[in-house]
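1. The following block contains a protein sequence and its predicted model.
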Amino acid sequence: ILPLVDSVSDVEKICNEGTCSDLQLRLKISDEATIESTIAKSAKICEDAKVRLWINDHPSYAIKHKCFGVHLGQEDIKRIGITGLSEIQSADLALGISTHTFSELSLALGLKPTYVSLGPIYETKSKSGIVTDSQSVDMIRKWRELIGPDVVMCGIGGVGSLERAEECVEGGVDFVGVIGAVKEDVGILKSWGDV
């Protein structure tokens, strides 16, 4: 399970829970000072807890604060371009990339990411204002057949329950990203176990 959170307090809760090796900080705010401060504080908490911190959308701060990895959406890749991608590689950061279509998957695989994410698998509330058809567990199976067993794949979007997480893993993802369910109850990290 990869919990995705948006605050220092959530990072602290998850690190104190002591049940996950990775978490992703997903900040959807525009104030740069707050973004950097949140990343810096979260990086310190994760370092102390020996949890690998992934930063969503802000590679320069991930590099500056020596985070484990960065997760980029398709628009982020366009925004940072070759220069930004080279900086991520030079800093030896792990790279996760969001994909929704076969063409996006093709682009992502060309960048040799640490993992690709597919989603949303189910309907989700976390992408307000964005209309994206859910992908389904059948799509996970198709993508797994296409990319083979060596590419790490994350299923995300509307996973929200142990049953759905298990369906995704049985379909072929290596792990699931969880936003809403972990926000409501950090205890799911323990109760879901290794899915």
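-> Structure received. A quick note: this is a predicted structure, and the numbers were derived from the prediction, not measured. Residues are numbered from 1 along each chain as shown.

2. For the rest of this, base every contact and every neighbour count on C-alpha atoms.
-> OK.

3. separation between F175 and K66?
-> Separation of F175 from K66 (C-alpha to C-alpha, to the nearest Å) stands at 24 Å.

4. Compare neighbour counts for the two and give me the winner.
-> Counting neighbours by other C-alpha atoms under 10 Å for F175 and for K66 shows that F175 has the greater number, 21 against 17.

5. Any idea what the residue lying closest to G73 once chain neighbours are set aside is bridged to?
-> The spatial neighbour of G73 that comes closest, neighbours along the chain excluded (C-alpha to C-alpha, 6 or more residues apart in numbering), is S98 at 4.8 Å. In this structure, S98 bridges to S117 when assessed by DSSP bridges.

6. how deep is S98 tucked in, by neighbour count?
-> Counted by other C-alpha under 10 Å, the residues lying close to S98 total 25.

7. residue ranges with poor pLDDT in the protein?
-> Per-residue confidence for the chain (pLDDT under 70) gives these ranges: 125-133, 194-195.

8. Run through the strands of it in chain order.
-> 2-5, 22-25, 52-56, 69-72, 94-99, 115-118, 153-156, 175-178 (DSSP state E).

9. buried stuff in the fifth one?
-> By 16 or more other C-alpha atoms under 10 Å, the buried positions in strand 94-99 come out as A94, L95, G96, I97, S98, T99.

10. can you check the first one too?
-> Under the neighbour-count criterion of 16+ other C-alpha under 10 Å, strand 2-5 has L2, P3, L4, V5 buried.

11. So the first one sits against G180, correct?
-> Spelled out, it's L2. No. No contact is recorded between L2 and G180 when judged using C-alpha atoms under 8 Å, the distance being 12.0 Å.

12. Kindly provide the distance from H100 to Y61.
-> The gap separating H100 from Y61 is 26 Å, by C-alpha to C-alpha.

13. same question but for Y122, I mixed them up
-> Distance from Y122 to Y61, counting by C-alpha to C-alpha: 31 Å.

14. quick revisit: would a markdown table of the strands of the chain with distance to E166 be doable?
-> A markdown table is the format used below for these (distance: least, C-alpha to C-alpha, whole Å):
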| stretch | distance to E166 |
| --- | --- |
| strand 2-5 | 14 |
| strand 22-25 | 19 |
| strand 52-56 | 23 |
| strand 69-72 | 23 |
| strand 94-99 | 21 |
| strand 115-118 | 15 |
| strand 153-156 | 11 |
| strand 175-178 | 9 |
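
15. one step back: which of the buried residues of strand 2-5 lies closest to T83?
-> For those, the minimum distance to T83 (C-alpha to C-alpha) is 26.5 Å, reached by L4.

16. need the contact list for the closest one.
-> With contacts taken as C-alpha atoms under 8 Å, 6 or more residues apart in numbering, L4 has the following neighbours: L23, Q24, L25, R26, G177, V178, I179, V182.

17. give me every residue that touches the second one.
-> Taking C-alpha under 8 Å, 6+ apart, we find Q24 in contact with L2, P3, L4, V5, L53, W54, I55, N56.
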